[in-house]
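J.: predicted model, plus sequence, below.
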Amino acid sequence: WQRLFDKNLMHQTWQNVPFYRIEAYLFRFILGLTQFNDESSLYFGMDPFERSKLRDLVRTDVWLQLSATLSHIHGNKNSASSSSSNSADSDARETLYAAITRCMWSNKMDLNFKPGKSGKLHTVSDHDHDQLLLVDDRQRIVDFLMKQKTATKTCATQKSVSIVCDNSGSEFLNDLMLCDYLLT
């Protein structure tokens, strides 16, 4: 891992390093520090984040927010099916944006962003934390996915979207929520 880091990432800044590569490297680095792969260690095979992940799953606000987001998503789907074409497209875009927003803010690479500690995300459309983003591609993602949806309707060849659900706890629940929205 260190050799790969030195070769591919060492001379890049946080602004231009590929996110997943640095996330994987940092996670691997933490596993090394905690002796996760050392069979002779007392900490062999112990996830250093397990307690945080489990604690996350018993937090009431996590489940309340997930429930509110799912209600919002499925409520918009039901109203979109009875709306005009333009209104349905607008509702679909807004709902997809909300699902992506919730999924994005539930992912805590460094486990420092905790909605319960740093201000709860009370509503799906709450964008109070958006100023913390270095790059915000949510609208580009919505545009791309909506374009793919339209293209699939008019084209015989179907395209697929792959989602890597590499998280746990509330992060995984929200990844599943986004998958649910995209599949239904």
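T.: Structure's in. What do you need?

J.: just checking, residue 148 touches residue 161?
T.: Yes: Residue 148 lies in contact with residue 161 (C-beta atoms under 8 Å); the separation is 7.2 Å. In short, each C-beta sits where N, CA and C put it, glycine included.

J.: return the helix or strand in this structure with minimum mean pLDDT.
T.: Ranking every helix and strand in the chain by mean pLDDT, DSSP states H and E puts helix 60-81 at the bottom, with a mean of 74.

J.: and it, what does it pack against?
T.: Packing contacts for helix 60-81, counted by 3 or more C-beta pairs under 8 Å, 6 or more residues apart in numbering; DSSP states H and E, involve helix 85-106, helix 169-183.

J.: what lies in contact with the last one?
T.: The reference is to helix 169-183. For helix 169-183, the external contacting residues (C-beta atoms under 8 Å, 6 or more residues apart in numbering) are 52-54, 56-57, 59, 62, 66, 69-70, 73, 95-96, 99-100, 102-103, 106-108, 145, 161, 163, 165, 167.

J.: buried ones among those?
T.: Buried members of the contacts of helix 169-183, counted by 16 or more other C-beta atoms under 10 Å: 53, 56, 62, 66, 69-70, 73, 95-96, 99-100, 102-103, 106, 108, 145, 167.

J.: ok, back up a step: so which of the helices and strands packed on helix 60-81 is nearest residue 23?
T.: Closest approach to residue 23 among the helices and strands packed on helix 60-81 is made by helix 169-183 (12.1 Å; C-beta to C-beta).

J.: average pLDDT for the closest one?
T.: On average, the pLDDT along helix 169-183 is 83.

J.: got the angle between it and helix 85-106?
T.: Helix 169-183 runs at 160 degrees relative to helix 85-106, counting by axes from the mean of the first three to the mean of the last three C-alpha atoms, to 10 degrees.

J.: may I have the secondary structure class of the residue of the chain most remote from its centre?
T.: In terms of distance from the mean C-alpha position of the chain, residue 40 ranks first, at 35.2 Å (C-alpha atoms, centre = their mean). Secondary structure assignment for residue 40 (DSSP: H, G, I helix; E, B strand; the rest coil): coil.

J.: check the one 5 residues further on too.
T.: Here residue 45 takes the coil state, with states given by three-state DSSP.

J.: what number of residues lie near it?
T.: Neighbours of residue 45 under the rule other C-beta atoms under 10 Å: 10.

J.: mind pulling up the pLDDT for it?
T.: Note on residue 45: pLDDT of 92.

J.: what about the closest residue to it other than its chain neighbours, distance to residue 29?
T.: Among residues not flanking residue 45 along the chain, residue 36 sits closest, at 6.6 Å (C-beta to C-beta, 6 or more residues apart in numbering). Relative to residue 29, residue 36 is positioned 11 Å away (C-beta to C-beta, to the nearest Å).

J.: which residues do those two both contact?
T.: Shared contacts of residue 36 and residue 29, defined by C-beta under 8 Å, 6+ apart, are absent.
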